[in-house]
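Take a look and give me a structure for this.
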Amino acid sequence: MPDAVLDICRHHHERPDGRGYPQGLAGKQISVPVRIASICDVYDALTSKRPYKKAWTPAQAAEFMAAQKGQFDGPLLKRFFCCLSH
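A predicted model of the protein is given here:
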């Protein structure tokens, strides 16, 4: 298994503000692939229909995610939504 995949699996719940888990990593301690995967994971969870909830629209997901201070890498989140809008 590539190291980047293992890193994503282990750390995708870490947060740039240090309030994530399992290790409480912060900022640049979290690799770029993990920061990207964290954004994708939450976006997919919000915009997918689940047995317990309806799918959110992309606009609803973007608004919610932008409001989550400290959870995502801000510049990467902006780039993510910019790419989706093309």
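
three-state assignment of residue 18?
The three-state assignment at residue 18 reads coil, by DSSP: H, G, I helix; E, B strand; the rest coil.

For stretch 46-64, buried residues please.
46, 56, 61-62 (16 or more other CB atoms under 10 Å). Heads up, the C-betas are built off the backbone N, CA and C, glycines and all.

mind listing which of the residues you listed are in helices?
Judged by DSSP state H, the buried residues of stretch 46-64 include 46, 61-62 as members of helices.

Just put those in TSV and tack on pLDDT and distance to residue 76.
Rendered in TSV, the data for those read as follows (pLDDT from 0 to 100; distance: CB to CB, whole Å):
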residue	pLDDT	distance to residue 76
46	98	17
61	97	15
62	96	13
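
ok, the spatially most central residue of the chain to residue 51 distance?
Nearest to the mean C-alpha position of the chain, counting by CA atoms, centre = their mean, stands residue 39 at 2.1 Å. Distance of residue 39 to residue 51, computed by CB to CB, to the nearest Å: 24 Å.

Quick one: the helices in the protein, in order.
3-11, 32-47, 58-67, 74-84.

quick revisit: using JSON lines, please lay out the buried residues of stretch 46-64 together with distance to residue 80.
As requested, the buried residues of stretch 46-64 are arranged in JSON lines below (distance: CB to CB, whole Å):
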{"residue": "46", "distance to residue 80": "13"}
{"residue": "56", "distance to residue 80": "15"}
{"residue": "61", "distance to residue 80": "11"}
{"residue": "62", "distance to residue 80": "9"}
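
Excluding chain neighbours, what is closest to the residue nearest to the centre of the chain?
Ranked by CB to CB, 6 or more residues apart in numbering and with sequence neighbours excluded, the top spatial neighbour of residue 39 is residue 80, at 5.1 Å.

Residue 46 now?
Counting by CB to CB, 6+ apart, the residue nearest residue 46 is residue 61, at 4.1 Å.

if I pick the one you found, what's in contact with it?
For residue 61, the contacting residues are 42-43, 46-47, by CB atoms under 8 Å, 6 or more residues apart in numbering.
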